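Student: sequence plus the predicted model coming up.
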Amino acid sequence: MSKMLEEIREQPAALQRTLEAERAPVEQLRARLEGKRPRLIMLAARGTSDNAAQFGRYLLEITTGIPVTLAAPSIFTLYKAPFQFDGVMVIAISQSGESTDTNLVLERAREQGALTIGITNEESSTLARLAETTFLVRARKEQSIAATKTYTGQLLMLYLIAYALGAQIKLDDLARLPELSSRALDLEPEIAARADRYRFMERAVVVGRGLNYANAFEFALKMMETCYIVAERFSAADLLHGPIAMIEPSFPSFLFTPAGVTWPGMKETLEKLVHLEAETLIITDQNNQDALALSKRTVCLPMKLEELYTPIPYIIPAQIFAARIASEKGLNPDRPRTISKVTRTM
């Protein structure tokens, strides 16, 4: 049994701990921000945390109306360009809290008076020391190099920060996420049975849109780092603007297809992939019967979900897929070649 799979299974408990421990600090931030919302939010992260930041961009812009940008750390580390941080909130996200370039963005922002927030799993990390306000992903030590429980914990903290910024997000809805994650874990036997089909897969595309666009990046990253599969990730719109030309019969294609505003575009993409006889597999829930009717291969979460709350339960089957495919390939997902748990770049 890999540590990666063990940690995937720990996610409901980790999410519950995070909700319980961080609710009071989030309420304090909400009171502080009342009437003093930032004009811009900058998210700084790398790797899996950068995928969480991509989710944060969609979530915060959709629910608060505040423009959000993803930091390009080299602007600070290499080009040393000045940046006007007046009225900007900077949120740095790192599971270890030791990403050198992410921390430098945070440090420069705080020096210039920006409100700085850190999201990390390590209370004693450099990031936790640098940030004015730090929120902890209560995932406990993550031993597998492939991040799983820290990713979903970061998504949860971004929901809570959106709430603090005045978003119409109900804490009671967030309180359901541990249970929904547990029910997503119930799909593990089904996914394990499917994994053998993909044992020899060397390339794939992963497609998502809106709030699940980040999950397309994260699923692809997990397949790249644990299974050594060349996995390209796209929004449905971007795939149709050219890259779909590479799709041929039996080309593995994975899609996140919740019901909601993103479904019409995802439906068009799925229909084209089916027409091209691609090997399509969708991750969806019982709220999207249309998607279930279109695809022969489905992973369907056993509940009806509002699109806003799909990203955490949707990524869990994808994480299991990556871990199981790695096992089918005879690989150790906990120790991918040439990479380490903490990566420091400038």
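Tutor: Cool, got the structure. Numbering: from 1, shown residues only.

Student: give the pairing partners of the host helix or strand of L281; include direction for each.
Tutor: L281 belongs to strand 279-285 when assigned by DSSP states H and E. Strand 279-285 pairs in its sheet with strand 252-256 (parallel), strand 297-301 (parallel), by DSSP bridges.

Student: run the chain-centre distance for it.
Tutor: 18 Å (CA atoms, centre = their mean, to the nearest Å).

Student: any idea which helix or strand comes after it?
Tutor: helix 289-294.

Student: now do the buried residues in that next one.
Tutor: 291, 294 (16 or more other CB atoms under 10 Å). No exception for glycine: its C-beta is placed from N, CA and C like everyone else's.

Student: so for it, mean pLDDT?
Tutor: For helix 289-294, mean pLDDT rounds to 96.

Student: which other helices and strands does that helix contact?
Tutor: On a contact count with 3 or more CB pairs under 8 Å, 6 or more residues apart in numbering; DSSP states H and E, helix 289-294 meets helix 263-275, strand 279-285, strand 297-301.

Student: hang on, the earlier thing: can you dump the C-alpha coordinates of the strand holding L281 into PDB?
Tutor: Extracted in PDB, the C-alpha atoms of strand 279-285 (Å, rounded to 0.1, in the frame of the first residue of the first chain):
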ATOM      1  CA  GLU A 279     -11.000   6.800 -25.100                       C
ATOM      2  CA  THR A 280     -13.100   9.100 -22.900                       C
ATOM      3  CA  LEU A 281     -13.700   8.800 -19.200                       C
ATOM      4  CA  ILE A 282     -15.700  11.400 -17.300                       C
ATOM      5  CA  ILE A 283     -15.700  12.300 -13.600                       C
ATOM      6  CA  THR A 284     -19.200  13.500 -12.700                       C
ATOM      7  CA  ASP A 285     -22.000  13.100 -10.200                       C
END
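
Student: and for it, what are the contacting residues?
Tutor: Contacts to strand 279-285, defined as CB atoms under 8 Å, 6 or more residues apart in numbering, come from residues 194, 250-259, 270, 273-274, 291-292, 294-305, 310, 313-314, 317-318.

Student: ok, now stretch 24-32?
Tutor: Residues contacting stretch 24-32 (CB under 8 Å, 6+ apart): 117, 133, 135, 160-161, 163-166.

Student: got the angle between the strand holding L281 and helix 263-275?
Tutor: In terms of direction (axes from the mean of the first three to the mean of the last three CA atoms, to 10 degrees), strand 279-285 departs from helix 263-275 by 150 degrees.

Student: let me see the mean pLDDT of strand 279-285.
Tutor: 98.

Student: format the helices and strands packed on helix 289-294 as CSV; extra columns: distance to E111 and mean neighbour count.
Tutor: Putting those into CSV (distance: least, CB to CB, whole Å; neighbours: other CB atoms under 10 Å) gives the following:
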stretch, distance to E111, mean neighbour count
helix 263-275, 42, 17
strand 279-285, 43, 24
strand 297-301, 45, 18
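
Student: mind putting those into JSON lines with distance to L43?
Tutor: Output for the helices and strands packed on helix 289-294, formatted as JSON lines (distance: least, CB to CB, whole Å):
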{"stretch": "helix 263-275", "distance to L43": "24"}
{"stretch": "strand 279-285", "distance to L43": "25"}
{"stretch": "strand 297-301", "distance to L43": "27"}
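
Student: of the ones you listed, which is nearest S181?
Tutor: strand 297-301 (10.1 Å; CB to CB).

Student: buried ones in the helix ranked longest in the chain?
Tutor: Secondary structure assigned by DSSP state H gives helix 11-33 as the longest helix of the chain. Neighbour counts over helix 11-33 (16+ other CB under 10 Å) mark 11-19, 22, 26, 29, 33 as buried.

Student: quick one, grab the pLDDT at R335.
Tutor: At R335, pLDDT is 87.

Student: list the contacts of Q16.
Tutor: Per CB under 8 Å, 6+ apart, neighbours of Q16: P178.

Student: would you mind measuring from the residue nearest the centre of the chain to S94?
Tutor: Geometric centre of the chain, nearest residue: A52, 4.0 Å, by CA atoms, centre = their mean. Separation of A52 from S94 (CB to CB, to the nearest Å): 10 Å.

Student: now do the shared contacts for the two.
Tutor: A45.

Student: could I get the buried residue list for the lowest-mean-pLDDT helix or strand in the chain?
Tutor: Lowest mean confidence among the helices and strands of the chain (mean pLDDT, DSSP states H and E): helix 74-77, at a mean of 87. Residues of helix 74-77 classed as buried: 76-77 (neighbour count, 16+ other CB under 10 Å).

Student: against which helices or strands is the very next helix or strand once past it packed?
Tutor: Next in sequence after helix 74-77, counting helices and strands by DSSP H and E, comes strand 88-94. Judged by 3+ CB pairs under 8 Å, 6+ apart, strand 88-94 is in contact with strand 40-44, helix 47-64, helix 100-111, strand 115-120, helix 126-130.
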